[in-house]
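# Got a sequence here, can you build the structure:
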Amino acid sequence: MSYVDGFVIPVPDRNKEAYRDMALKAAPIFKEHGAQHFVECWGDDVPDGKITDFRRAVKAEGGENVVFSWVTYPSREVRDEANRKIMADERLNMDGESTPFDMQRMIYGGFAPLLEKRSDGAFGYADGYLVAVPMDNKQAYHDMAAKAATVFEEYGATRVVEAWGDDVPNGKVTDFKSAVNANEDEAVVFSWVEWPSKQVRDEAWPKIMADERMQPDKDSMPFDGKRMIYGGFAPIVDE
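Numbering: from 1, shown residues only. This next block holds a predicted model:
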């Protein structure tokens, strides 16, 4: 994996199957144009936050859920060319009436992998994160994330990915930067942890929180934890 397109999308609960059907049709077209992996995850354990959260990020309304999604490519060059082809592909043309979500509130952007740690095991659940990190703290964030990834893996995670904001546009209604209240000198990190199942994830978290290696040092934290967005997601498309 060398490049990631990340998405956060508000989808009405009643449109879950329509959204899944749309994604299943889109996945092979994305892969035809160069994508390696296409994943859509449905909000399952998405808490409200005091300052930021996934629902606020996409201005989710009552009766809407949040989808956390990523598409991986071998390079940014392949991704850029793929996006040009995808935008012109008539099979993916969507109009407002037939699209099962509000495209104006969809968040999207391109991310360069900062860290990836993978072990053997199935993918049955994901924890998703958005983090605002000062650009000067990129290495410090990487070092912290690398230590945390080892702990996650010890307690059952099968993959940890941290991806640094590289092509993150400003939006008219929503975008990644406003989602985490990012300052001009901060980048957005798009991150996820894969688990074999929600049960494994739920059993792991109390152990992770109690692990001495995960106890934060407030004086050396390389980002503002109060603005970090997190939640649990169940995969509905994995192609």
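# ok but Ala126 is inside a strand, no?
Yes: assigned with DSSP: H, G, I helix; E, B strand; the rest coil, Ala126 falls within a strand.
# contacting residues around it?
39, 41, 68, 192-195, 232-235 (CB atoms under 8 Å, 6 or more residues apart in numbering). In short, each C-beta sits where N, CA and C put it, glycine included.
# ranges for the strands of this structure?
Ranges of strands within the chain are 3-12, 37-45, 64-73, 107-118, 125-134, 159-167, 186-195, 229-238, based on DSSP state E.
# so which of these comes closest to Ala204?
With CB to CB, the closest approach to Ala204 among those belongs to strand 186-195: 7.3 Å.
# Could I get the CA-only coordinates of that closest one as PDB?
In PDB, the C-alpha atoms belonging to strand 186-195 read as follows (Å, rounded to 0.1, in the frame of the first residue of the first chain):
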ATOM      1  CA  GLU A 186      -1.600  21.000  11.300                       C
ATOM      2  CA  ALA A 187      -2.100  18.000   9.000                       C
ATOM      3  CA  VAL A 188      -4.900  15.500   9.200                       C
ATOM      4  CA  VAL A 189      -4.100  11.900   9.900                       C
ATOM      5  CA  PHE A 190      -6.500   9.300   8.600                       C
ATOM      6  CA  SER A 191      -6.000   6.100  10.600                       C
ATOM      7  CA  TRP A 192      -7.600   2.700  11.200                       C
ATOM      8  CA  VAL A 193      -7.100  -0.500  13.200                       C
ATOM      9  CA  GLU A 194      -8.400  -3.800  11.800                       C
ATOM     10  CA  TRP A 195      -9.700  -6.600  14.100                       C
END
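# okay, and for this protein, where does confidence drop off?
Residues of the chain meeting the criterion pLDDT under 70: 94-97.
# Contacts only, for His142.
Residues counted as contacts of His142 (CB under 8 Å, 6+ apart) are 114-115, 162.
# what about 7 Å?
Residues in contact with His142, defined by CB atoms under 7 Å, 6 or more residues apart in numbering, are 114-115.
# thinking again about what came up before, neighbour-wise, which of the contacts of Ala126 leads?
Neighbour count (other CB atoms under 10 Å) singles out Phe68 as the most crowded of the contacts of Ala126, with 28 neighbours.
# Could I get the contacting residues of the nearest residue to that residue once chain neighbours are set aside?
If the residues on either side of it in the chain are set aside, Phe68 comes closest to Gly128, at 4.0 Å by CB to CB, 6 or more residues apart in numbering. Shown in contact with Gly128 (CB under 7 Å, 6+ apart): 41, 68, 192, 230-231, 233.
# about what we covered before: just so I know, which of the strands of the chain lies nearest Thr174?
The closest of the strands of the chain to Thr174 is strand 107-118. By CB to CB, the value is 5.2 Å.
# Let's see that closest one as CSV, backbone CA atoms only.
Output in CSV follows, covering the C-alpha atoms of strand 107-118 (Å, rounded to 0.1, in the frame of the first residue of the first chain):
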residue,chain,number,x,y,z
ILE,A,107,-15.5,14.2,3.2
TYR,A,108,-12.7,13.0,1.0
GLY,A,109,-8.9,13.4,0.6
GLY,A,110,-5.6,11.7,-0.3
PHE,A,111,-3.2,10.4,2.3
ALA,A,112,0.4,9.1,2.2
PRO,A,113,1.0,6.1,4.5
LEU,A,114,3.1,7.0,7.5
LEU,A,115,3.0,3.6,9.2
GLU,A,116,1.5,0.2,8.4
LYS,A,117,1.8,-2.8,10.7
ARG,A,118,0.1,-6.0,9.6
